[in-house]
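generate a structure from the sequence data that follows.
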Amino acid sequence: MAEPGVILPPVHRREELARTWTRSATSAAYIPRAADEIEELLLELVDELLKILGAEPLSISAGQRIGHRLVHEGFIDPTALTATVTSLSEGLLADLPPTPDNMLAKRTMALLGAVSAGYADGLRAYTLTQQEEVKQALFNAVLRAEHNLRGTENRFREVFASSATGIAITNLDGMCLEANPALAGILGVKQDRLPGSVLTEMFRDEAGGDVIAPYRRILAGKQERVHEHRRLRLEDGEVAWVLFAISLLRDGAGAPAYFVTMAQDVTELHLLQDRLGHQLLYDALTGLANRQAFHTRLESALERAVPHGSITLCCLNLDAFSLVNNSFGHSVGDRLLQTVGRRLEAVTADETALVARLGGDEFAVLIEDSPTTPDIGELIGTLTAELEDPEYIDGVGVAVGASVGAVRRQATGEETAVELFRAADTALRKAKATGRRQWAGFHEAEDRAAVELDRLAASLPAAWENGDLSIGFEPVVRLSDRKHVGARAVLSWSETDHATTLRLAERTGWSVHVGPLLLLEACQRFADMDGVLRVQLTRNQSGDADLVRAVRRALMKSGLAAYRLEVSLDVGALLDEFGDSRDNLEVLGDIGVQVGLCGVTGGPLDFGLVSDTGVRSVTLSPALGAGSPVLAGETARTVEVFGSFGATTSVLDVPSAESADWWSSIGVATGQGGVFGSC
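Here you go, the predicted structure:
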């Protein structure tokens, strides 16, 4: 199964893709096959490609085998490869949304790179086979010269003149005796200029390498033949990549007689591979390094950092960038991302730095610190100030702020790139939690506590599945006489308490999943008990569109009467009109369920909500209480106001009998948890 967020290969267009590939390939190059045979073959290869793209892990070797297969089937013209990659790129990526950084795009480009590599390998094998055939023909021509000189000469001339591979015959001193038209075409000169030239004049190595060296090795018997790539500088100033095969031709007595050099122009293939490699390492929209290239550079920076030197890593996330896309369109958003990239590079131009786009609206800046590198606070201030200046795009001035997480580390050789990046990302999440346009550094002690909470949050589903996390009950007690009037459903886990468990579940969104399960099991287990079952919901659970259906299902399966169930919705969700919380409050009341509010602090908005909705049960926040005379008085007045609206109040986690007496004295009806224990 594909991972979340991964777009599946377009299997539904397999036949269309095969036809498009066929038309493109046959119009670009001659392929010695009937058109219907070519289409049948390419449909088979399309199915193989789609199968590879859908499989995990992605098989690079399978892509290389397809490249070999293309050469074997007659796709030997480089223009056929260009047509192939163009058709497959457009066809396989046709279903992608206009998002630059997409997992299918990366997998597709990786696969096409493998196809190109396989094609290159197959083409090389094809070339070498042809070279050996030509060499053997030349050798046989010499052996049969005394018996059938004219016939041999004619056959040799035909192979020599019509070969698509460039051929040069040189003497042992390196002077060209004869060259075919294909070699003249590769070198961009007239054919009659080549005879009499020496090897160093014909093949001018771009890097200044020794052109004669491989010929010396063959003549000395160190190698039988040489296969190598060279980057040549042509007469018109252009550069060409050429695959050379060099071998020695002997006379009838077995003595060295001539060198045969065969050349294949592979410039287009090199350009294609370079382009694919660039796309895999750089962001297509901004031209900045992508996540993979950034991690590689970070690893290198850590390895070469001088002792006692330091490295600064900043992760930036643009604030409210979605507002730009939603209000002005994605084209403006894309241009703004390009502006952000350019500005970050400009700010760090005087440093040894790398700016990368990690994906979406997230960027990273790596600086190999120097004595003039400013401290983190000043550096981040400069970065964020640069981003806040408006950029005018099509007459619209847009700008964004950024939240930043930063870490500066001494180069000790002990911390890895993954650990350093995680520290910066952790700091970014901390900055975003405190509001927009904030920055934060990394603190190891805080991180250890956060990592532990993350571990607990991630393990919640498994704890539920294994039974380590279960449903329990706390008694709901009437404070005036300490009589049990019902129970409150809670999550019981040895790792932490109910309130912390719910907070962790809210962080991951798992609270929405466990909410219906908690309702069902609590109702089933409480059906034979006395009193009212109280279930208090989190913010996400209160806004869940399926809440009413979950309550109906729990009542139906448990047989619990609706009036014996009290569902308390989160007051913050209702005030913010989060999700379907308002609709849930009304519909639950309509089906006979008692509806309450939890997390109430007693502010004017809370009073207004109780007054407008007619809610009759309010659970006060544990933050209220008799901590001081002023707070005690305000809490008592809060209870009085709710009572004036006809709402009864309850309090959580009563710590002692004395506290219970105080709450009762100010008019709070019930208490739950704390001193009252569990059911």
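
from here on, contacts and neighbour counts on C-alpha atoms
Noted.

after the lowest-mean-pLDDT helix or strand in the chain, which helix or strand is next?
Lowest on mean pLDDT, DSSP states H and E among the helices and strands of the chain sits helix 145-162, with a mean of 62. Next helix or strand after helix 145-162 toward the C-terminus (DSSP states H and E): strand 166-170.

strand partners of that next one, parallel vs antiparallel please.
The strands beside strand 166-170 in its sheet (DSSP bridges) come out as strand 176-179 (antiparallel), strand 256-265 (antiparallel).

please save the CA atoms from that strand in CSV.
Only the C-alpha atoms of strand 166-170 are listed here, as CSV (Å, rounded to 0.1, in the frame of the first residue of the first chain):
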residue,chain,number,x,y,z
GLY,A,166,33.2,6.8,-35.9
ILE,A,167,36.3,4.8,-36.9
ALA,A,168,39.9,6.0,-37.3
ILE,A,169,42.8,3.8,-38.4
THR,A,170,46.2,5.1,-37.3
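
before we move on, the earlier item: most tightly surrounded among the strands paired with strand 166-170?
Mean neighbours per residue, mean count of other CA atoms under 10 Å, is largest over these for strand 256-265, with a mean of 22.

what's that strand in contact with?
127, 131, 135, 165-172, 174, 183, 186, 215, 219, 240-251 (CA atoms under 8 Å, 6 or more residues apart in numbering).

and it, what's its mean pLDDT?
Strand 256-265 comes out with an average pLDDT of 88.

run the chain-centre distance for it.
Strand 256-265 sits 48 Å away from the centroid of its parent chain (CA atoms, centre = their mean, to the nearest Å).

and what of stretch 380-389?
The chain centroid and the centroid of stretch 380-389 are separated by 26 Å under CA atoms, centre = their mean.

which regions of the stretch 251-400 of the chain sit below the pLDDT cut-off?
For the stretch 251-400 of the chain, applying pLDDT under 70 flags the ranges 273-274, 276-280, 306.

picking that back up, so which of the contacts of strand 256-265 sit within strands?
Applying DSSP state E to the contacts of strand 256-265, the entries found in strands are 166-170, 240-250.

now, which of the residues you listed sits nearest Gly441?
Nearest to Gly441, judged by CA to CA, of these is Trp241 at 49.3 Å.

near the closest one, how many other residues are there?
Neighbour count of Trp241, defined by other CA atoms under 10 Å: 21.

give me the distance between it and Leu533.
For Trp241, the distance to Leu533 equals 79 Å [CA to CA, to the nearest Å].

what strand or helix carries the residue nearest to Ala505 when sequence neighbours are not counted?
On the basis of CA to CA, 6 or more residues apart in numbering, the spatially nearest residue to Ala505 that is not a chain neighbour turns out to be Ser511, at 4.7 Å. Ser511 belongs to helix 510-526 when assigned by DSSP H and E.

can you list the neighbours in contact with that helix?
For helix 510-526, contacts defined as CA under 8 Å, 6+ apart pick out 461, 471, 489, 502, 505-506, 533, 535, 537-538, 540-541, 544, 547, 550-551, 553-555, 557-560.

which of those are buried?
Buried residues within the contacts of helix 510-526, counting neighbours by 16 or more other CA atoms under 10 Å: 461, 471, 489, 502, 505-506, 533, 535, 537-538, 540-541, 544, 547, 550-551, 554-555, 558, 560.

filter the residues you listed down to the ones in strands?
471, 489, 533, 535.

I'd like these as JSON lines, with distance to Ile591 appended.
Formatted as JSON lines, these follow (distance: CA to CA, whole Å):
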{"residue": "Ile471", "distance to Ile591": "25"}
{"residue": "Ala489", "distance to Ile591": "21"}
{"residue": "Leu533", "distance to Ile591": "16"}
{"residue": "Val535", "distance to Ile591": "16"}
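
what is the nearest of those residues to His12?
Minimum distance to His12 across those is 46.6 Å, recorded for Ile471 (CA to CA).

for Ile246, see how far away Arg204 is.
According to CA to CA, Arg204 and Ile246 sit 16 Å apart.

before we move on, what about Asp173?
Separation of Asp173 from Ile246 (CA to CA): 14 Å.

please identify which of the two sits among more neighbours.
Using other CA under 10 Å as the criterion, Asp173 and Ile246 rank with Ile246 on top: 21 against 13.

beta partners of the more buried one?
With DSSP bridges as the rule, Ile246 is bridged to Val226, Thr261.

contacts only, for it.
By CA under 8 Å, 6+ apart, Ile246 lies in contact with 214-215, 225-227, 259-262.

can you confirm Pro475 is in a strand?
Yes: under DSSP: H, G, I helix; E, B strand; the rest coil, Pro475 sits within a strand.

strands of the stretch 551-679 of the chain, start to end?
Secondary structure of the stretch 551-679 of the chain (DSSP state E, counting those that start in this stretch): strands at 565-570, 594-600, 617-620, 648-654, 670-674.

can you name the residues in contact with the third one?
Counting contacts by CA under 8 Å, 6+ apart, the residues outside strand 617-620 that touch it are 595-602, 647-652.

so what strands line up beside that strand?
Strand 617-620 has these strand partners (DSSP bridges): strand 594-600 (parallel), strand 648-654 (parallel).

can I get the ones you listed in CSV with mean neighbour count?
Converted to CSV, these look like this (neighbours: other CA atoms under 10 Å):
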stretch, mean neighbour count
strand 594-600, 24
strand 648-654, 21
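
roughly how far apart are His308 and Asp369?
Per CA to CA, His308 is found 11 Å from Asp369.

same deal with Thr348?
Using CA to CA, Thr348 is found at 11 Å from Asp369.

ok, back up a step: of His308 and Asp369, who's got more company?
The residue with more neighbours, out of His308 and Asp369, is Asp369; 20 against 9, by other CA under 10 Å.

hmm, Leu313 and the more buried one touching each other?
No: applying CA atoms under 8 Å as the test, Asp369 and Leu313 come out as separate, 10.0 Å apart.

contacting residues for Gly509?
Asn540.

typed the wrong thing, it's Pro10
Pro10 makes contact with 50, 91-92, 94-95, according to CA under 8 Å, 6+ apart.

sec struct for the residue nearest to Ala364 when sequence neighbours are not counted, please.
Excluding the flanking residues, the one nearest Ala364 by CA to CA, 6+ apart is Cys315, at 4.5 Å. Classification of Cys315 using three-state DSSP returns strand.

Cys315: neighbouring residues, count only.
The burial count for Cys315: 28, using other CA under 10 Å.

what's the answer for the one 5 residues further on, then?
Counted with other CA under 10 Å, residues neighbouring Ala320 total 13.

and what of Ser89?
By other CA under 10 Å, the residues close to Ser89 number 15.

how near is it to Glu414?
Distance, Ser89 to Glu414, by CA to CA: 42 Å.

go on, Asp251?
Note on Asp251: its distance to Glu414, by CA to CA, is 64 Å.

how about Asn290?
As judged by CA to CA, Asn290 and Glu414 stand 25 Å apart.

with neighbour numbers in mind, choose between these two.
Using other CA under 10 Å as the criterion, Asn290 and Glu414 rank with Asn290 on top: 23 against 9.

output the below-cut-off pLDDT ranges for the stretch 501-650 of the chain.
Using pLDDT under 70, the stretch 501-650 of the chain drops low at 626-627.
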